[in-house]
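**Q** Give me coordinates for this.
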Amino acid sequence: METELAHRNQEFHAQGLKLQHLQKELDAKVAQVEKLQDAIHYNESLGRFHHFSVINQAPAQFHRRLKAKEGVSAEPTSEHFKTQYVFLIFYYSSTRKLLNDAIMSNDFLKKLEPQHMREMVDCMYEMVYVEGELIIQEGDAGNHLYVLAEGFLEVLQNGKRLGEIRPGAAFGELAILYNCKRTATVKAVVQSHIWTLDRQTFQAIMMQTTQAKHEEYFSFLRRYQ
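**A** Here you go, the predicted structure:
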């Protein structure tokens, strides 16, 4: 009996090591897929321009500048496309890093699983607010998380200035975590580019990834039944 139990423990330990190895391989594959998705999104952005999205707009504007040069130098060269691709990698990676760093720096959001954070970044979209426009109104129901990418915001409560928000900061997180009402007003001091995630999408991410993890655990346990 003891020998069989020891054998089972060895098998369980071996399976655990194998799972760790597979997890590392999966993480590497996910990173590769994300890079490929970035390239695909960029190619799609060359065919349609979205005024509200920096990730789509910037390569499109860059593409138009290259087109202007092509009018002088005749047909486009491979160097043009190489330059576009380098610009794409830098732009996408820098934006993703800004969003990820903002989430990691937030006291509430940094406790989430890494997979949750990746999904959140993937689902965020950008909005542009002009000077004086309200992003959050005190007393309203909160349904969005925000990350300031560019610009400058001020925080007001009962008409009094409480503070400011600078690029790289996440705010409004209590709304998607606890469905709280807004306790302060946030206003754009200058034109600001803000990435946002709605509460419904956040909840779907939590449910989907948690369910997938449970299924993985159950599948592992069924092997020993």
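**Q** other SSEs contacting the strand or helix carrying residue 126?
**A** Using DSSP states H and E, residue 126 maps to strand 125-129. On a contact count with 3 or more Cβ pairs under 8 Å, 6 or more residues apart in numbering; DSSP states H and E, strand 125-129 meets strand 192-198. All C-beta atoms are positioned from the backbone trio N, CA, C, and that covers glycine.
**Q** Check which element follows the strand holding residue 126 along the chain.
**A** strand 134-136.
**Q** Mind giving me the packing neighbours of that following strand?
**A** strand 185-188.
**Q** Output the strand it packs on as CSV, nothing but the C-alphas.
**A** Listed in CSV are the C-alpha atoms of strand 185-188, where the atom choice follows Å, rounded to 0.1, in the frame of the first residue of the first chain:
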residue,chain,number,x,y,z
THR,A,185,-15.7,64.2,-11.4
VAL,A,186,-12.8,63.8,-13.9
LYS,A,187,-12.4,66.5,-16.6
ALA,A,188,-10.0,66.9,-19.5
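**Q** and that strand, which strands flank it?
**A** Sheet pairing for strand 185-188, assigned by DSSP bridges, gives strand 134-136 (antiparallel), strand 153-157 (antiparallel).
**Q** So which of those is nearest residue 172?
**A** strand 134-136 (6.2 Å; Cβ to Cβ).
**Q** quick one: contacts of the closest one?
**A** Strand 134-136 is contacted from outside by 129, 142, 146, 153, 171-172, 182, 184-188, 192, 194, using Cβ atoms under 8 Å, 6 or more residues apart in numbering.
**Q** For those residues, work out which two are farthest apart.
**A** The most distant members of the contacts of strand 134-136, if one measures by Cβ to Cβ, are 142 and 192, lying 18.5 Å apart.
**Q** of these two, who's got more company?
**A** More crowded of residue 142 and residue 192, by other Cβ atoms under 10 Å: residue 192, with 24 against 20.
**Q** Now the terminal residues of stretch 185-205, how far apart.
**A** Using Cα to Cα, to the nearest Å, one end of stretch 185-205 lies 27 Å from the other.
**Q** Now it: average pLDDT?
**A** Mean pLDDT, stretch 185-205: 93.
**Q** Just list the residues touching the residue nearest to residue 157 when sequence neighbours are not counted, thanks.
**A** Nearest non-adjacent residue to residue 157, counting by Cβ to Cβ, 6 or more residues apart in numbering: residue 184, 4.5 Å away. Applying Cβ under 8 Å, 6+ apart to residue 184 gives the contacts 136, 138, 155-157, 162.
**Q** filter the residues you listed to the buried ones?
**A** Among those, those classed as buried by neighbour count (16 or more other Cβ atoms under 10 Å) are 136, 138, 155-156.
**Q** Redo these as CSV? Include distance to residue 122 and pLDDT.
**A** Formatted as CSV, the buried ones among the contacts of residue 184 follow (distance: Cβ to Cβ, whole Å; pLDDT from 0 to 100):
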residue, distance to residue 122, pLDDT
136, 24, 95
138, 31, 94
155, 28, 96
156, 32, 96
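**Q** Output the residues you listed as JSON lines; include the columns distance to residue 208.
**A** Converted to JSON lines, the buried ones among the contacts of residue 184 look like this (distance: Cβ to Cβ, whole Å):
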{"residue": "136", "distance to residue 208": "27"}
{"residue": "138", "distance to residue 208": "33"}
{"residue": "155", "distance to residue 208": "33"}
{"residue": "156", "distance to residue 208": "36"}
